[in-house]
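**Student:** Everything below, folded, please.
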Amino acid sequence: MARISDEILQNVDIVDVIGKYVQLKRAGSNFSGNCPFHNEKTPSFIVSPQKQIFKCFGCGIGGNVITFIKEIERVDFWDAAKILAKEWNIDLSHYEKNYHKYEEMNQWKEKIKRLHKLTQDFFQSSLTTNPVAMNYLKEQRKLSEDTIKTFGIGYAPHSHYELLQKLKSKWFNDGDLQEASLAKQWQNWESYSFFRNRITFPIYDKMWNVIAFSARIIDPQDKPKYLNSAEHPAFEKSKILYGLNIVKQHIKEFGFIIVVEWQMDVISLYQLGYPIAVATSGTALTHDHIKLIKRYTDKVYFLFDNDSAGQKATIRALKTAYQQDVFPKLIQLPDEYKDADELAQIPWGKEKFQWYIDQAIDTFLSIYKRLETQMDLHSPIDKQKLLNTMFDIIVGLPNPSTQIHYLSVLSELTGQNNEIINTQYKQYAKNEWKFTIQQQNKREQWTKQKIYQDKREDIFSSLFYQDFLLDLIQANTSEDQDFAINSAQKILALGKHIAKLLPASHLGKLIHQTDSLPEEKLWSAQLRREKEMQSMSAHEDKLKRIKKTISPVLKQLLEQIRKLPHLDITEKQGLFEEMKSIKR
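**Tutor:** The predicted model follows:
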């Protein structure tokens, strides 16, 4: 089946669509106009009828007609597709079933956002009534009222249950709170607040929806220093940058973005007069992060801590940026300032910081100079370590001409002949290629295991689909079937019991006929199982094969049930007894 995006793009003219929102004028083979996504006097917004894409060279946004509708109407992919389908008389009814799960996920994302909005209100209210937390922010961190308000900084009380009681009064349950990473579970299955006695920093998406939290200790004795929300459908760490919602409003004024390590660095730079910093949330800088940044500017600065961890983070981030053709400069603070937060505490901090920005140099060059001071270059071992570190950065560059450029830079820095550097680099790249192949083989092995697991899941599901397991036992067996049929009925009863308790599980959706797994996939698994058992006349052999298939999966499902907080322990024990009885 064709993808929905293909059908839309083949039947919709991007010029006609955008022309309803933007006054376009012919510009050679393309069309141009003022960008609808930011204020501009000189047109930098281009639409290509040949390629069926648009691009603004002012703010960086671009894409196809679906992207345009998503951004201009501020809707998700499916709603954008429906808008275009209605306008262009495209029938999307055959896609509805495929998007059933998509819409369910969308509803869950909206639920998470409501949960986090209520939690954010609670944290902000708690801050105003806690003088210790407010004193920490204003006196120790030197944050102004404006900064606290702009970033929505709050306080999570010490109580294990106060937040949960408020959220439950709004009809959210323990499962919602745990999946949203706002609650954890005691061993007795009772829920408690995940964030306690901490300063809270809400993490926003680009539309200013709170989707997660990062929380910092007040008491130095508490551990760990930072707690971050776990990932959930609305919060993918690899695609969210802390502070980007604020940067969007100021990028036109500054023209560049500063990537820092921590949320407090973002906040400190804002207070210092530089509201153009972003940070990751509990993860290294990813390709998706760089793609996000490139939507606004190609001019990027790195500002990481001066310690060894900050140095490693700089190298990792540079390799990621290079692979996306972004060439950042490194802002180097003197050793007296550990990070931007410390710089923000001193008088004339803004003027000093601007000077450090002006002095920023190519990150590749900066990394080399810093390593040079840390190693004994008279030692051949240290010299080779230094070269290997720089080679490791260069090898990730996608453009050969850029690789040649930095090898030439490295030759000048080391004072070695360019030919010698190139020879050493080729040897390094060859060894790196061998290592990459090994890693690729490991990934392929993992993929094969994943495919095997998926197939096992299909076979498992097919046994419960329309009670197929009973059909298998009854067909082509000996006359003495009573024991086999009784066992099959027990297995089916256990499966239905589990499905009732875990309605969101694969088995639960399947038995209640809400799962989107294609029927042909189930039938294929059933046929495979029938063919496999054709030669078996003894019901014991069939039962043995069936139990071998279902036992591991049932065991996993029972483990999930064991963690359910609302289920009576007697009922849990009963389920485990049922599992033991079918094993016998």
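
**Student:** Check which element follows the helix or strand encompassing F122 along the chain.
**Tutor:** Per DSSP states H and E: F122 is located in helix 100-128. On the C-terminal side of helix 100-128, the closest following helix or strand by DSSP H and E is helix 131-135.

**Student:** hang on, the earlier thing: other SSEs contacting the helix holding F122?
**Tutor:** Applying 3 or more Cβ pairs under 8 Å, 6 or more residues apart in numbering; DSSP states H and E, one finds that helix 100-128 contacts helix 77-87, helix 131-135, strand 154-156, helix 162-168, helix 174-179, strand 198-204, strand 210-217. All C-beta atoms are positioned from the backbone trio N, CA, C, and that covers glycine.

**Student:** measure the residue nearest the centre of the chain to Y337 for me?
**Tutor:** A centroid search over the chain (Cα atoms, centre = their mean) returns E236, at 2.2 Å, as the residue closest to the centre. Here E236 is placed at a distance of 33 Å from Y337 (Cβ to Cβ, to the nearest Å).

**Student:** ok, now P131?
**Tutor:** 30 Å.

**Student:** ranking the helices and strands packed on helix 100-128 by burial, who's on top?
**Tutor:** Across the helices and strands packed on helix 100-128, averaging neighbours per residue (mean count of other Cβ atoms under 10 Å) puts strand 154-156 on top, at a mean of 26.

**Student:** Mind giving me the packing neighbours of it?
**Tutor:** helix 100-128, strand 198-204.

**Student:** Number of residues surrounding the nearest residue to A279 once chain neighbours are set aside?
**Tutor:** Spatial nearest neighbour of A279, chain neighbours left out: Y242 (4.6 Å); criterion: Cβ to Cβ, 6 or more residues apart in numbering. Neighbour count for Y242, taken as other Cβ atoms under 10 Å: 26.

**Student:** Then S268?
**Tutor:** 26.

**Student:** Not counting its neighbours along the chain, what's nearest it?
**Tutor:** A344 (3.8 Å).

**Student:** ok, now how distant is the one you found from S144?
**Tutor:** For A344, the distance to S144 - Cβ to Cβ - is 11 Å.

**Student:** ok, the two, which is more surrounded?
**Tutor:** Neighbours of A344 and S144, each counted by other Cβ under 10 Å, are more numerous for A344; the result is 24 against 12.

**Student:** Which pLDDT value belongs to the more buried one?
**Tutor:** Note on A344: pLDDT of 74.

**Student:** try S126
**Tutor:** 95.

**Student:** these two touch, right, it and I153?
**Tutor:** No. If you go by Cβ atoms under 8 Å, S126 and I153 don't touch, sitting 11.2 Å apart.

**Student:** Can you pick out the residue with more neighbours from the two?
**Tutor:** In terms of neighbours (other Cβ under 10 Å), I153 is the more surrounded of S126 and I153; the figures are 23 against 18.

**Student:** Strands along the stretch 201-350 of the chain, start to end?
**Tutor:** 210-217, 226-228, 257-260, 277-279, 300-303, 329-330 (DSSP state E, counting those that start in this stretch).

**Student:** Quickly, which of those bottoms out on average pLDDT?
**Tutor:** strand 226-228 (a mean of 89).

**Student:** List the buried residues for that one?
**Tutor:** L227, N228 (16 or more other Cβ atoms under 10 Å).

**Student:** Residues in contact with that strand: which ones?
**Tutor:** 194-195, 198, 212-217, 237, 262, 281-282 (Cβ atoms under 8 Å, 6 or more residues apart in numbering).

**Student:** Which helix or which strand is home to W355?
**Tutor:** helix 349-358.

**Student:** after that helix, next one along is what?
**Tutor:** That would be, after helix 349-358 and using DSSP H and E, strand 361-362.

**Student:** Off-centre distance for that next one?
**Tutor:** Here strand 361-362 is found 30 Å from its chain centre; the criterion is Cα atoms, centre = their mean, to the nearest Å.

**Student:** so what strands line up beside that strand?
**Tutor:** For strand 361-362, the paired strands and their directions (DSSP bridges) read strand 329-330 (antiparallel).

**Student:** how far does the partner strand sit from the chain's center?
**Tutor:** Distance of strand 329-330 from the chain centroid (Cα atoms, centre = their mean) equals 26 Å.

**Student:** The residue nearest to I18 when sequence neighbours are not counted: what secondary structure?
**Tutor:** Setting aside the residues directly before and after it, I18 is nearest to V47 in space (Cβ to Cβ, 6+ apart), at 5.5 Å. Taken by DSSP: H, G, I helix; E, B strand; the rest coil, the conformation at V47 corresponds to strand.

**Student:** Would you quantify the distance from D176 to N130?
**Tutor:** Between D176 and N130 the computed distance is 26 Å (Cβ to Cβ).

**Student:** swap that for T283, please
**Tutor:** For T283 relative to N130 (Cβ to Cβ), the value is 30 Å.

**Student:** The two: which is more packed in?
**Tutor:** Of the pair T283 and N130, N130 is the one with more neighbours under other Cβ under 10 Å, namely 18 against 13.

**Student:** Tell me how many other residues crowd P552.
**Tutor:** Other residues near P552 number 11, with proximity taken as other Cβ under 10 Å.

**Student:** State the distance from it to A499.
**Tutor:** Distance from P552 to A499, counting by Cβ to Cβ: 17 Å.

**Student:** and A156, what does it touch?
**Tutor:** A156 touches F123, S126, L163, S193, F195, R196, N197, R198, I199, T200, A215, counting by Cβ under 8 Å, 6+ apart.

**Student:** so the closest residue to it other than its chain neighbours, which of the three states?
**Tutor:** Nearest non-adjacent residue to A156, counting by Cβ to Cβ, 6+ apart: F195, 3.9 Å away. Under three-state DSSP, the three-state class of F195 is coil.

**Student:** how many neighbours does F195 have?
**Tutor:** A count of nearby residues for F195, using other Cβ under 10 Å, gives 24.

**Student:** So it is in contact with F213, correct?
**Tutor:** Yes. F195 is within contact range of F213, at 6.2 Å (criterion: Cβ under 8 Å).

**Student:** Nice, that's everything, thank you.
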